[in-house]
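Visitor: Whatever this is, show me its structure:
(chains A and B)
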There are 2 protein chains.
Amino acid sequence: MGTEFLRIMDSEEVREIIDNIKIKKEIGEVTLEKAYKRVLAGDIKAEIDLPPFNRASMDGYAVRAEDTFGASEDNPVILKLTEIVRAGESASKNVEKGTCIEVSTGAPVPEGANGVVMVEFTENKDDGIHIHKSTAHGQNIALKGSDVSRDDLLLKSGTLLTHDKIGVLGATGIKNVPVFKKPKVAVISTGNEIVKPGEQLEYGKIYDINSLTISNAVKTCGCTPIYSGVARDNYKDLKSKLEEHLDADVIITSGGTSAGAGDVLRAVLDDMGEVMVHGIAVKPGKPTMIGLINDKPIFGLPGYPVAALMVFHVFVSSFLRKMASMPEHRKSDVLKLKISRRFHSSKGRHQYAFVKIENDVAHPILKDSGAITAVAEADGYFEVAKNVEIVEEGSEIEVMPLEIY
Amino acid sequence: MGTEFLRIMDSEEVREIIDNIKIKKEIGEVTLEKAYKRVLAGDIKAEIDLPPFNRASMDGYAVRAEDTFGASEDNPVILKLTEIVRAGESASKNVEKGTCIEVSTGAPVPEGANGVVMVEFTENKDDGIHIHKSTAHGQNIALKGSDVSRDDLLLKSGTLLTHDKIGVLGATGIKNVPVFKKPKVAVISTGNEIVKPGEQLEYGKIYDINSLTISNAVKTCGCTPIYSGVARDNYKDLKSKLEEHLDADVIITSGGTSAGAGDVLRAVLDDMGEVMVHGIAVKPGKPTMIGLINDKPIFGLPGYPVAALMVFHVFVSSFLRKMASMPEHRKSDVLKLKISRRFHSSKGRHQYAFVKIENDVAHPILKDSGAITAVAEADGYFEVAKNVEIVEEGSEIEVMPLEIY
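Guide: Purely as a prediction, here's the structure:
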């Protein structure tokens, strides 16, 4: 009744196999408008000085600092106002001895001036601008290039372009940004019983869940899912579906991996490429398959929704993130929570379970792998090491949220 | 030289004003394919039973449990195989006394059967199927509706549709999903010195940064930014820009809020609506303005990039998330880190500072509000309460990451 498992492997061994899969990274270019959440594929150097000119950092008067020496509240220096320069404008005159030019915050400091007196320390009178405080060289001026000099390294290759970093790119006037291409991930459900949501559900059929969850989960890893529909559970159909998607960077299937009657992925992979993993000592997820077709990784997830989703999180997602050059999850993304009840685990294999989080307590979800309500309630999952049989009520567990947002 | 601040308010008072802004929520509908990261605007009840039929949960033989009583390794019960049913198929025969039907995992259990014997406990021989173990009523069968009954509540209104929850929707066959409409947020930069990235940079001009950072930050709050370009720093231009975007749900401007020469937003808001806040006792971000035009909130951020981004995070983002029905940040999103050096704060106002995180240590970024390198290095920010003047080196601070991913 079908093929046997290749050899049940420990999860550590499987992780090593996955770590050794060769990754090819391609580089593309996007406009600044489309750069959000992409990953830089090159160092970004400043194309201009910032500020691009000597810039007034306060509203006030641009002066020659030496003209203001000795100025005080009782004994102001009086300077002749020759021009007013707002932000975005430029002065037509220079600041000569005995004169000043009014400047707004952000305006270029006119030639000849080497300090800006804040407006608070001045008075505009009939006989000129009364300066009540002396100004030091460079005061209230952000010198050209003082923030960034042309060709300074601004952002390193590999930086995830969050909203703030996009602004940094914008500041230097860059229009096109070198980024890693998003890996394309074909997502295929297999099974004669699977029907696309929204279609008529005949007796004996169920709606496709895994394509939906896995496609959207692929997005969280910085990859582009290619929703590839349902393959029937026979050699010919699955093979042609795989052939159709060999232009993708990764293929993820679900279903058809059990060592039972409906197992065809194994046969197809044996012919088209190689099977590296078939069977992992984890629960759920034992009938997981990993193979290669021309160096292209194929992940065969179990058919049950809970198992498919769990195996994706435990084994596939970090590979996809690495492929997409996305940063690792932060250590702090793991939540340390008390478990609400005693949890029994199977000896001899790693066990993973979904939990519902309520008031900072983790409630393990004790339902079978086929239960969609398990997914409906799940907020995250935790791992029980293979030598642990019982997790006591109230003990602290490490919960990985299903999605960071 | 321009208007005065309305009245410098404490941040608590400002938060209360923001909390009291009326929010109008609109409901729309999207297809399942577009539902990812949207927020449910209604309870989702199951439209079908799950499983939709009595489903075999193991590969094996569907039997009448009573036929197998007494079966053992030495003394098998022999049943006549009448049919084979794979997943997705349905049986043409019923299981009668003394017969069995082979079923695959996921196949519907034929009429007449009330248990499934795992294939491991059977042998297929010439004289029939040898059953080596008795089966209990209901064994290895997931009964119709046992996971979800039609009309059961599956997902509550307000649920953020992460990848896993999309799968839950798919399982019940739903095609269109009621969701809250994404609030539209117009983002306007003001200033005569501001030029769009990629354009020619004349003397005295700088590239627009705030539109880019704020537009993309708006996305993290579940809203749709409307990039609205640059308004010149004069009454007429800013007014017409605001009028042009009154169909947005929120308007965010940056620049032109200082109590100085270039201040026009205050004048425009005074005429078109009302100014509720002008001046907050925070650093950076003092010249922040909040107003209403026909109940539509207008946030006037400072022009300096560091200040604009900080005020967005500290005052605007939680409002936008609430408006978009997005969940609050998790408590665990706040990182508890040691600070790398002594940090001085201004007495009498809340201070916020960006930090760079390296090896789980927070390095405060000590640059002025205009420095784009401050943004380039920033990973998160922390708050210093208004009565604190010094944060000692090595003490623990709470860092909010700029973006969760």
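Visitor: Give me the residues contacting stretch A:345-353.
Guide: Residues outside stretch A:345-353 that contact it (Cβ atoms under 8 Å, 6 or more residues apart in numbering or on different chains) are A:11, A:281-286, A:310, A:314, A:343, A:364-366, A:381-391. Just so you know, the C-beta spots here come from the backbone N, C-alpha and C atoms, and that holds for glycine as well.
Visitor: Could you list the low-pLDDT ranges of chain A?
Guide: Where chain A drops to pLDDT under 70, the residues are A:1-6, A:257-262.
Visitor: follow-up on the earlier one: list the ones among the contacts of stretch A:345-353 that fall in helices.
Guide: Residues of these located in helices (DSSP state H): A:11, A:310.
Visitor: Quick one: buried ones out of the contacts of stretch A:345-353?
Guide: For these, a burial check counting by 16 or more other Cβ atoms under 10 Å in any protein chain shown picks out A:11, A:281-286, A:310, A:314, A:343, A:364-365, A:381-384, A:386, A:391.
Visitor: can you give me the helices in the stretch 251-400 of chain A?
Guide: A:265-272, A:305-311, A:317-323, A:372-377 (DSSP state H, counting those that start in this stretch).
Visitor: and residue B:134, which of those is closest to it?
Guide: Among the helices of the stretch 251-400 of chain A, the nearest to residue B:134 by Cβ to Cβ is helix A:305-311 (28.4 Å).
Visitor: I'd like to know which elements that closest one is packed against.
Guide: With contacts defined as 3 or more Cβ pairs under 8 Å, 6 or more residues apart in numbering or on different chains; DSSP states H and E, helix A:305-311 has these neighbours: helix A:210-220, strand A:296-301, strand A:350-358, helix A:372-377, helix B:163-171.
Visitor: Could you export the ones you listed as a markdown table, including mean neighbour count?
Guide: Shown next, in a markdown table, are the helices and strands packed on helix A:305-311 (neighbours: other Cβ atoms under 10 Å in any protein chain shown):
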| stretch | mean neighbour count |
| --- | --- |
| helix A:210-220 | 26 |
| strand A:296-301 | 26 |
| strand A:350-358 | 21 |
| helix A:372-377 | 23 |
| helix B:163-171 | 26 |
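Visitor: Let's have the ones you listed in CSV, adding distance to residue A:75.
Guide: Putting the helices and strands packed on helix A:305-311 into CSV (distance: least, Cβ to Cβ, whole Å) gives the following:
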stretch, distance to residue A:75
helix A:210-220, 67
strand A:296-301, 80
strand A:350-358, 69
helix A:372-377, 77
helix B:163-171, 72
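Visitor: So which of the ones you listed is nearest residue A:36?
Guide: The nearest among the helices and strands packed on helix A:305-311, by Cβ to Cβ, is helix A:210-220 at 13.5 Å.
Visitor: quick one: the closest one to strand A:296-301, angle?
Guide: 130 degrees (axes from the mean of the first three to the mean of the last three Cα atoms, to 10 degrees).
Visitor: about what we covered before: give me whichever of the helices of the stretch 251-400 of chain A is most buried.
Guide: Neighbour counts (mean count of other Cβ atoms under 10 Å in any protein chain shown) averaged over each of the helices of the stretch 251-400 of chain A peak at helix A:305-311, with a mean of 29.
Visitor: Chain B contacts on the stretch 251-400 of chain A?
Guide: Proximity of the stretch 251-400 of chain A to chain B is confined to A:258, A:260-262, A:303, A:305, A:309, A:326-327, A:330-333, A:335, A:360, A:367-368, A:370-373, A:375-376, A:378 under the rule Cβ under 8 Å from any Cβ of the partner chain.
Visitor: wait, isn't residue A:391 in contact with residue A:339?
Guide: Yes - Residue A:391 is within contact range of residue A:339, at 5.9 Å (criterion: Cβ atoms under 8 Å).
Visitor: overlap in contacts of these two?
Guide: Joint contacts of residue A:391 and residue A:339 (Cβ under 8 Å, 6+ apart) are residue A:397.
Visitor: roughly how far apart are residue A:20 and chain B?
Guide: 27 Å (Cβ to the nearest Cβ, to the nearest Å).
Visitor: no wait, residue A:38
Guide: Counting by Cβ to the nearest Cβ - residue A:38 and chain B are separated by 11 Å.
Visitor: nearest spatial neighbour of that residue, skipping sequence neighbours?
Guide: Using Cβ to Cβ, 6 or more residues apart in numbering or on different chains and skipping the chain neighbours, the partner closest in space to residue A:38 is residue A:179 (4.0 Å).
Visitor: so that neighbour touches residue A:29, yeah?
Guide: Yes - applying Cβ under 8 Å, one finds residue A:179 in contact with residue A:29, separated by 7.0 Å.
Visitor: more crowded one of these two?
Guide: residue A:179 (20 against 14; other Cβ atoms under 10 Å in any protein chain shown).
Visitor: quick check, distance from the host helix or strand of that one to the centre of its chain.
Guide: Assigned by DSSP states H and E, residue A:179 belongs to strand A:176-180. Averaging C-alpha positions (Cα atoms, centre = their mean, to the nearest Å) puts strand A:176-180 15 Å from its chain's average.
Visitor: again with stretch A:107-118
Guide: Distance, centroid of stretch A:107-118 to centroid of chain: 43 Å (Cα atoms, centre = their mean).
Visitor: where along the stretch 151-300 of chain A do the strands fall?
Guide: Secondary structure of the stretch 151-300 of chain A (DSSP state E, counting those that start in this stretch): strands located at A:153-155, A:176-180, A:184-190, A:194-195, A:206-207, A:224-231, A:250-254, A:274-278, A:282-283, A:289-293, A:296-301.
Visitor: can you redo the ones you listed as JSON lines with distance to residue A:71?
Guide: Below are those laid out as JSON lines (distance: least, Cβ to Cβ, whole Å):
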{"stretch": "strand A:153-155", "distance to residue A:71": "40"}
{"stretch": "strand A:176-180", "distance to residue A:71": "49"}
{"stretch": "strand A:184-190", "distance to residue A:71": "68"}
{"stretch": "strand A:194-195", "distance to residue A:71": "84"}
{"stretch": "strand A:206-207", "distance to residue A:71": "81"}
{"stretch": "strand A:224-231", "distance to residue A:71": "64"}
{"stretch": "strand A:250-254", "distance to residue A:71": "70"}
{"stretch": "strand A:274-278", "distance to residue A:71": "80"}
{"stretch": "strand A:282-283", "distance to residue A:71": "78"}
{"stretch": "strand A:289-293", "distance to residue A:71": "77"}
{"stretch": "strand A:296-301", "distance to residue A:71": "73"}
